[in-house]
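Asks: Pasting a predicted model and its sequence here:
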Amino acid sequence: MDIKKMIIPALLLSAVVLAGAVGVKTVSAVQDEGTYPAIIQKLAERFNLNTDEVKQVFDEERQQQQQRMRASFEERVDQAVVEGTITEEQKEAILQKQAELQNQHEALMDFAPEERRAVMQKNRQELESWAQENGIDLSLFLGNGPRGIKGFGKMGGEHSD
């Protein structure tokens, strides 16, 4: 199997996790105000359930999905090492960078949209430099489509042309 076909879906799943982090931060902000996201409220009301318990189920499922995606990504990166596409050292750097980017992304949720875009654009440029310095072909992990390297650092459906 082509390494691109294995890693790109994993990165797309990572993007979903990151997008989920945006939603989670929004959910947290809404919850802090004493209300719940509409879907949680609707399910609780329709089935006469405790809203806190419904939210807990959503949170548990989100955490499990993130763990599955993380494990899948790690398996694909391991496979890239086995196939000789990347070295063990590059693999460790990739996993470390992914965790770093996840943390940075979560921190950005407190920024205004324009400021967030500017920081993400800067992060994109830093990621490209990092990949070059580490001899990592970023297209193997991000692709070149709108959600790939050209779209890295964009939010809200914006795409680079």
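Replies: Structure's in. What do you need? Just so you know, these numbers come straight off a predicted model, no measurement behind them.
Asks: immediately after the helix ranked longest in the chain, which helix or strand?
Replies: In the chain, assigned by DSSP state H, the helix with the most residues is helix 51-82. Next helix or strand after helix 51-82 toward the C-terminus (DSSP states H and E): helix 88-108.
Asks: ok, back up a step: summarise which helices and strands the longest helix of the chain is packed against.
Replies: With contacts defined as 3 or more C-beta pairs under 8 Å, 6 or more residues apart in numbering; DSSP states H and E, helix 51-82 has these neighbours: helix 3-32, helix 38-46, helix 88-108. Every residue, glycine included, has its C-beta placed from N, CA and C.
Asks: Please repeat the previous calculation with a cut-off of 10 Å.
Replies: helix 3-32, helix 38-46, helix 88-108, helix 139-142 (3 or more C-beta pairs under 10 Å, 6 or more residues apart in numbering; DSSP states H and E).
Asks: tell me the mean pLDDT for the longest one?
Replies: I take that to be helix 3-32. Helix 3-32 shows a mean pLDDT of 49.
Asks: same question, stretch 102-122
Replies: Per-region confidence: stretch 102-122 scores 86 on mean pLDDT.
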